[in-house]
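>>> Below: sequence and its predicted model.
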Amino acid sequence: AHARADELADAYHQRWEHETGNDQLKTHLRGPGRILRSRLPDLAYQEIWAWLITHHAINALITQAATAADLDPDRISYTQTLRLIRRTATGTAAIPPSGLD
């Protein structure tokens, strides 16, 4: 099968979109060298879905922010967004709910 140059360029771009998503999920979100903690198949599937849903939620936030700022979502750093989310989530977790004193 033969492909035109523009088709090959588009396929190459799409490949790197997928590679970038895999890198975001495996290297930045989950962390390099980390394996699934679950030992049972059903729990491993659950853990995989949790990683995928979290990755999707982060990308949805990036898309919302980009839309509000009239930017291409690719212009917003996934790793910086992830760091911000982690700082915010861990910072607020240390504050006890009111009324539990």
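Received the coordinates, thanks. This one's a predicted model, so the numbers in the text were calculated from it and none came from an experiment. Numbering: from 1, shown residues only.
>>> what does the lowest-mean-pLDDT helix or strand in the chain contact?
Lowest mean confidence among the helices and strands of the chain (mean pLDDT, DSSP states H and E): helix 78-93, at a mean of 86. Helix 78-93 is contacted by residues Gln24, His28, Leu29, Ile58, Asn59, Leu61, Ile62, Ala65 when judged by CB atoms under 8 Å, 6 or more residues apart in numbering. In short, each C-beta sits where N, CA and C put it, glycine included.
>>> distance of the first one from Thr88?
The one in question is Gln24. 18 Å (CB to CB, to the nearest Å).
>>> Pull out the buried positions in the longest helix seen in the chain.
The residue-count maximum for a helix in the chain (DSSP state H) belongs to helix 41-68. With burial defined by 16 or more other CB atoms under 10 Å, the residues of helix 41-68 counted as buried are His55, Ile58, Asn59, Ile62.
>>> Who are the packing partners of that helix?
Helix 41-68 sits against helix 78-93, with contacts defined as 3 or more CB pairs under 8 Å, 6 or more residues apart in numbering; DSSP states H and E.
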